[in-house]
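Engineer: pasted the sequence and its predicted model underneath.
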Amino acid sequence: MSRIGKKFINLPEQIETSIDGSDIKIQGPKGKLIYTLPECIKIIESNRTLQLRKTNNNNKTQALYGLSRTVVNNMVTGVSNGFSKQLEIHGVGYRCQMDGNDLVLNVGYSHPIVIKPENSISIKVENNNLITVVGINKELVGQTAAKIRSIRPPEPYKGKGIRYHKEIIKRKVGKAGK
């Protein structure tokens, strides 16, 4: 039994919703998001709250119940506040800069790496070593941040690489000399 799926989703004043069959459209000050619910989940709107209901009670429906509620709640949060992830670059000579909308990374390869963000994602750079990924879609923000991190993940010996802000890297002891 999903405890998350049973919870109500409270809608702030500036959020507008429209439900068309299994499609839900949520619009707010930051933008607009659309999501198609599975056939086994129905959504009900009443006095500034949303609630999800299951149409049948099998394992697949149960698995999608809490997921659908979380996705819709993230949509409401995204169009009202937005999401952001920060990444840090550690290493001698490692740096990043913006070239228009593109992120250019110099992280120890023989050539610079260029990352083109999605349309709804914006990337900001501070001090040549702090990257902030901002957007209204939580999934796209996390996916873009993971894509940037995967270019040069932090290594355990010196800690060089791209890591999430305040991520702790377990360091290993190097080779013992004789």
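Structural biologist: Structure received. Numbers count the residues shown, from 1 in each chain.
Engineer: quick one: end-to-end distance for stretch 43-55.
Structural biologist: This stretch, stretch 43-55, spans 10 Å end to end (CA to CA, to the nearest Å).
Engineer: how about the strands in the protein?
Structural biologist: For the chain, applying DSSP state E gives strands covering 9-10, 16-20, 23-27, 32-36, 41-46, 49-54, 83-90, 95-99, 102-106, 113-115, 122-126, 130-135, 161-164.
Engineer: what sits up against the second one?
Structural biologist: Pointing back at strand 16-20 there. By CB atoms under 8 Å, 6 or more residues apart in numbering, the list of residues contacting strand 16-20 from outside reads 11, 24, 25, 26, 27, 28, 43, 45, 50. Using the backbone N, CA and C atoms, a C-beta is placed for each residue, glycine as well.
Engineer: give me the below-cutoff pLDDT ranges for this structure.
Structural biologist: Judged by pLDDT under 70, the chain has its weakly predicted residues at 1-2, 178.
Engineer: which of the contacts of strand 16-20 are buried?
Structural biologist: Applying 16 or more other CB atoms under 10 Å to these, the neighbour count classes 11, 24, 26, 27, 28, 43, 50 as buried.
Engineer: and those residues, which two are furthest apart?
Structural biologist: 28 and 43 (17.2 Å; CB to CB).
Engineer: neighbours of the residue lying closest to residue 31 once chain neighbours are set aside, how many?
Structural biologist: Nearest-residue entry for residue 31: residue 136, 4.8 Å, with adjacent residues in sequence omitted and distances by CB to CB, 6 or more residues apart in numbering. Residue 136 has 23 neighbours, counted by other CB atoms under 10 Å.
Engineer: right, and residue 136 touches residue 120 too?
Structural biologist: Yes: at 6.2 Å, residue 136 counts as touching residue 120 under the criterion of CB atoms under 8 Å.
Engineer: what domains does the record give for this structure?
Structural biologist: For the chain, the structural domains run 3-80, 83-164, going by automatic domain parsing.
Engineer: now the end-to-end length of the longest one.
Structural biologist: In domain 83-164, first residue to last residue: 15 Å (CA to CA).
Engineer: make 58 the starting number, not 1.
Structural biologist: From this message on, residue numbering opens at 58, which makes the last subject domain 140-221.
Engineer: quick check, distance from that domain to the centre of its chain.
Structural biologist: Relative to its parent chain, domain 140-221 has a centroid offset of 14 Å by CA atoms, centre = their mean, to the nearest Å.
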